[in-house]
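Participant: Sequence and predicted structure are below.
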Amino acid sequence: MSKNIKLCKGLDIKLVGKAEAKVENAPLAKSYAVSPLDYENVTPKLLVKVGDKVEAGTALFFDKNNPRILFTSPVSGVVSAINRGEKRKLLNVAIEPDQTQVAKELKVVDATKANRSEVVEMLLESGLWTRIVERPYGVIANPDATPKAIFVSAFDSAPLAPDYNFVLASEKVAVEAGLAVLARLTDGKVHLSARKGDEGYMSEVKGVEYHTFSGKHPVGNVGVQIHHIDRIAKGDIVWTVNIQDVALIGRFAMTGKLDMTKVIAVAGSEAQKPCYKRIISGATVESIVGKVGENVRVISGDVLTGTTTAVDGYISANANMLSLIPEGNVYELLGWAMPRFHRFSVSRAYFSWLCPKKEYKLDTNLNGGERPFVVTGLYENYLPMDVYVSYLLKACLVKDLDKMENLGIYELLPEDLALCEFVDPSKIEMQQILRDGINLMIKES
Amino acid sequence: MGLRQFVDKIKPTFSEGGKLGFLHSTFEGFETFLFVPNTTTSKGAHIRDCNDIKRVMIVVVLALIPAMLFGMYNLGYQAGIEGILPAFWFGFLKMLPMIIVSYVTGLAIEFAFAQKRKHEINEGFLVTGLLIPMVMPVSVPLWIVALSTAFAVIIGKEVFGGTGMNVFNPALLARAFAFFAYTPQMSGEAVWYADGATGATALEQLSTTGAMQWSALDAFIGLIPGSMGETSTLAILIGAAILLFTGVASWRIMLSVFVGGLAFGYLFDAVGLTEFPAYYHLLVGGFAFGAVFMATDPVTSAQTNTGKWIYGFMVGALAILIRVINPAYPEGMMLSILFMNALAPLIDYFVVERNIARRKKLIKNVK
């Protein structure tokens, strides 16, 4: 077993509304959706039309940039709508599910014996290939490439994040099968990282390079872990897979049937009953949380990196939680001069340092206006990586590709800057700036 | 809430297209001063820390207050007025016009630029506007205060794009402008007392005779002549404690300025260039004030942590070097900080280059 890696930088934001450790089954939703917007840089081309009958595992659309990448239906039913936005941009394909679910019979191979190309083909056909993320850039993995290593983080350190040891408690076999499939995809190692002292059965998994980490968020971010295990240099390709998706891959490899059932956390101060729910990926929010009060923001994912959805919207494919927090669209009289005991700040200019254990009910107010970069040395305290955040962001802003490369854009994804964005008194939209920078790199390469 | 309703009622008048639409930014400045806006996060992190630049700046203003209050008292004390309150009142009346002139001039220019560029008003001048009168000799005519403030804000800050983009510390630039443009009013032995009582400052005595008429304790407490803000090392240290505790100013810079100053102080003492203890340097003139409030300006100092150590040490060392070696100016802090402001990007450049080199080394390791 390798040495524990301890990270000193970071921050655990304590919020009200942690999910209680019990799983409820969510009812079958009225509708399920698959959206190309859950992925970066996908140009969708439809394979179905409204009224088509589909099974779980039937391809709905593919990526024009790489036609081998299929996006499949998580449920069986009828295509009920193809929703488009401005300029006919595809928003999602909605499916009305059948009462009894049937899965398409797909060909599976034994990952330990089959050719690598057969394993790739199996994942592509099931649509589970889309769950593999490639770095640099955080896009869907290129099936023609071979990564130098694959990284899996077995825990999420974001605020209110689901406890995967609990979520996957009965999925050990599937997790192991999934990791075995991944091991076939790389000539290098599969790295599995767990949180020290909360390792569950992860330490018993065979065939992987096992690491433990301790520290504060973003210690669970796979990008941070890669930085401390085997940094990404120019020209390197590595893949990452979320641990819950590893279980989905494993389950599929064992049965040949696409079963997108997963357990997610419903959390946040506005969640009526914060707990875990068993759902099928892509379900409507309404089927998961029921009614939502007025002026509540529903976030697909965690509060730092998730995307805004609504009660009539869907949970995104990559989300393993729904966060419900109050909207902060109120004025606060002389707020910047007040003691603000109910609000949280990492700065001792406020008083939250006095009660480090308090759980906060934070809203979505920006808490100030956007300003140029003023403070220095702050961001680096919240990113345990050898990266100069403000220099990299400025390189992104001026679209200097060489500088972006030199300053480490290959090592970062927007999620890694979420904490810096949270603490920034200048309220700079760092995740968006980095995303724009990454997209420019993709376009120019 | 009555006030909120009033603001909402007059808002359309000041919005674009309204009757007073040309005061759009000004209105917004006052509105966000009164109320934290109801803007919610639209992309990126959905929750945000409640700290903002307004709070950061107000903490710096708060940290300046002990030095300001003591400076006012000291003005009266130096003018020979007895009793704490009368002395303070004397100083207060002397300083108030300077503070008002500095704020009015600077804010008017800031508002005009914000309006023209259609961006929000930046809070940086809340600090600069107070720093300027605190580093000017009290006898300086108000029109010089106004002129140097205008110079600092326009040439020092706005031409570079405003707060966050400036190369030089605006308050120091104002002082430097006045110093070089109106030397007779700013320096020399007779500048200090407005009302007849003139005399050399401690720093000038040290540089000309190698000794001063005050004890080190007086200099530490601040009962010596000098600009309003700079005399009391004690009051400045209280401010430093506030800045360091809240994390607003960099402890790396502050510490390394003092280390650099002391190191060079001892060096010159050891080689016999000065004949007084090295720590005197830290007590007299603007050294402590510069180290705590000027050198730590995050925009104009080095931005990387390694760079901050180098920058701070150089500021302290250069200040003493100028004080001891240069016969023309007894005070070196202002020039030292301005000089290092100009060099800070270069220091950072080398620090960042090392980061880039580490990253490039990874590629070689792989191959």
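Facilitator: Received the coordinates, thanks. A quick note: this is a predicted structure, and the numbers were derived from the prediction, not measured. Numbers count the residues shown, from 1 in each chain, chains lettered A, B, ... in the order given.
Participant: okay, CA-based contacts and neighbour counts for the rest of this
Facilitator: Fine.
Participant: what about the stretch 201-350 of chain B, any weak spots by pLDDT?
Facilitator: With pLDDT under 70 as the threshold, the stretch 201-350 of chain B has low-confidence stretches at B:201-202, B:204, B:207-210.
Participant: what does it have sitting close to chain A?
Facilitator: For the stretch 201-350 of chain B, the residues found near chain A under the criterion CA under 8 Å from any CA of the partner chain are B:245, B:246, B:247, B:298, B:299, B:303, B:304, B:305.
Participant: Just say helix, strand or coil for residue A:95.
Facilitator: strand (DSSP: H, G, I helix; E, B strand; the rest coil).
Participant: nearest spatial neighbour of it, skipping sequence neighbours?
Facilitator: Counting by CA to CA, 6 or more residues apart in numbering or on different chains, the nearest residue to residue A:95 once its immediate chain neighbours are dropped is residue A:79, at 4.4 Å.
Participant: Which strand or helix spans the one you found?
Facilitator: Applying DSSP states H and E as the criterion places residue A:79 in strand A:77-84.
Participant: avg pLDDT for that strand?
Facilitator: Per-residue pLDDT values across strand A:77-84 average out to 94.
Participant: so what's whatever residue of the stretch 201-350 of chain B ends up closest to chain A up against?
Facilitator: Distances from the stretch 201-350 of chain B to chain A, computed as CA to the nearest CA, single out residue B:246 as the nearest residue at 4.4 Å. Residue B:246 sits next to A:347, A:348, A:349 when contact means CA atoms under 8 Å, 6 or more residues apart in numbering or on different chains.
Participant: show me which of those residues neighbour chain B.
Facilitator: Okay, of the contacts of residue B:246 touching chain B (CA under 8 Å from any CA), that's A:347, A:348, A:349.
Participant: tally of neighbours for residue A:204?
Facilitator: Residue A:204 has 12 neighbours, counted by other CA atoms under 10 Å in any protein chain shown.
Participant: What's the separation between it and residue A:179?
Facilitator: Using CA to CA, to the nearest Å, one obtains 13 Å as the distance from residue A:204 to residue A:179.
Participant: still on that earlier bit, list the buried residues in the strand holding residue A:79.
Facilitator: The neighbour-count criterion (16 or more other CA atoms under 10 Å in any protein chain shown) identifies A:77, A:78, A:79, A:80, A:81, A:82 as the buried residues of strand A:77-84.
Participant: what do you get for stretch A:27-46?
Facilitator: Within stretch A:27-46, the residues scored as buried using 16+ other CA under 10 Å are A:28-29, A:31-39, A:41-46.
Participant: Also stretch B:10-27?
Facilitator: Under 16+ other CA under 10 Å, the buried positions of stretch B:10-27 are B:11, B:13, B:14, B:15, B:21, B:22, B:23, B:24, B:25, B:26, B:27.
Participant: closest to chain A among the residues you listed?
Facilitator: Within the buried residues of stretch B:10-27, the smallest distance to chain A is 12.7 Å, found for residue B:25 (CA to the nearest CA).
Participant: Contact partners for the residue nearest to that closest one when sequence neighbours are not counted?
Facilitator: In this structure, residue B:25 finds its nearest non-sequential neighbour in residue B:115, 5.1 Å apart by CA to CA, 6+ apart. Neighbour list for residue B:115: B:22, B:23, B:24, B:25, B:26 [criterion: CA under 8 Å, 6+ apart].
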